[in-house]
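Engineer: Have a look at this fold, sequence not included:
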């Protein structure tokens, strides 16, 4: 799903018009920065108290045109619009947009590791990158963790762990994941974790930041998953393949992978079997080998029990 962003700068009377026209799609949230949010199809419109109206999602042009029409905005009215954000070039941190031209504004990127691996936990990470950090991160080779070896991941983590602020959430198989998955799907668990690390990291850095998330579900579904949470962070820019576009997300993917591999090594040591990554046929063979040695109860401790190749042994 392609994602685009468009920003209007509006006044209170214009927000009132938008609110009335979109009343059937309106969501009111208790957030000190947000006036209201609109969800329509795959488009999210966030109206902030500071006058910013952010339109994001797939196929947003229809809603942009509609807002211009109901507000009688001209395409040349610079004070009420900004250009589309273009993310075609690699690693554009900081994003070229009017609200973050200030070099003191950093970006929090979020990503996860382990969701496609039978063994080991789910690990979600948020990493905070300031513009001044970018040359250093490029120099040490920060990029999508899937393109790095285990040794490279370890090296980058060592070089950045004391320099870059980050927050991780490790969803332990036995204590959390296999309990949560009984009443929630994987995407809901991921949404809960992303929201958690974002809020925790924002508290840690105590400063303004732009949030970029590697998108794993629709915008509407993401916030639906969080509807019962006491605190939700809404000002997020969702981007598919974000780990290949933003250094902050790439670093988050590396840190998440580092901790995931660390947990895999720990579990391997506990059962005295080097656990394989992924969910391949070789993993199926290893599952059977582990079952023969330990019986099915071991899987609740070392594996994600919603995987089909694990479920076979739990019946």
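Structural biologist: Thanks, I have it. Since the structure is predicted, the reported quantities are computational estimates derived from the model, not experimental observations.
Engineer: Stretch 232-248 spans what distance, first to last residue?
Structural biologist: By CA to CA, to the nearest Å, the extent of stretch 232-248 from end to end equals 21 Å.
Engineer: Pull out the buried residues from it.
Structural biologist: Across stretch 232-248, burial judged by 16 or more other CB atoms under 10 Å covers 232-234, 236-239, 242-248. (C-beta placed from N, C-alpha, C; glycine too.)
Engineer: Stretch 9-18 now?
Structural biologist: Judged by neighbour count (16+ other CB under 10 Å), stretch 9-18 contains these buried residues: 9, 10, 14, 15, 18.
Engineer: which element follows the strand or helix carrying residue 257 toward the C-terminus?
Structural biologist: Assigned by DSSP states H and E, residue 257 belongs to helix 247-271. Counting by DSSP H and E, the next helix or strand C-terminal to helix 247-271 is helix 281-294.
Engineer: helices and strands around that next one, which ones?
Structural biologist: Counting contacts by 3 or more CB pairs under 8 Å, 6 or more residues apart in numbering; DSSP states H and E, helix 281-294 packs against helix 299-302, helix 308-311.
Engineer: ranking these by burial, who's on top?
Structural biologist: Looking across the helices and strands packed on helix 281-294 with neighbours counted as mean count of other CB atoms under 10 Å, the highest average goes to helix 299-302: a mean of 20.
Engineer: And for residue 106, nearest residue in space, chain neighbours not counted?
Structural biologist: Of all residues not flanking residue 106 in the chain, residue 130 sits nearest, at 4.0 Å (CB to CB, 6 or more residues apart in numbering).
Engineer: actually residue 305, sorry about that
Structural biologist: residue 178 (4.8 Å).
Engineer: With residue 289 instead?
Structural biologist: Nearest non-adjacent residue to residue 289, counting by CB to CB, 6+ apart: residue 273, 7.4 Å away.
Engineer: Same question for residue 31.
Structural biologist: Using CB to CB, 6+ apart and skipping residues adjacent in sequence, the residue nearest residue 31 is residue 234, 6.1 Å away.
Engineer: Is that neighbour in a helix, a strand, or coil?
Structural biologist: Secondary structure, DSSP: H, G, I helix; E, B strand; the rest coil: residue 234 is coil.
Engineer: what ranges do the helices span in the protein?
Structural biologist: Assigned by DSSP state H, the chain shows helices spanning 12-21, 61-71, 134-139, 150-160, 178-180, 186-205, 219-225, 247-271, 281-294, 299-302, 308-311.
Engineer: Most tightly packed of these?
Structural biologist: With neighbours taken as mean count of other CB under 10 Å, those reach their highest mean count in helix 247-271, at a mean of 23.
Engineer: Give the other helices and strands that it contacts.
Structural biologist: Where contact means 3+ CB pairs under 8 Å, 6+ apart, helix 247-271 is packed against strand 106-113, strand 122-129, helix 134-139, helix 150-160, strand 165-171, strand 209-214, helix 299-302.
Engineer: coming back round to it: how close does the residue nearest to residue 31 get to residue 47?
Structural biologist: Separation of residue 234 from residue 47 (CB to CB, to the nearest Å) stands at 11 Å.
Engineer: intersection of neighbour lists for the two?
Structural biologist: The contact sets of residue 234 and residue 47 overlap at 34, 37 (CB atoms under 8 Å, 6 or more residues apart in numbering).
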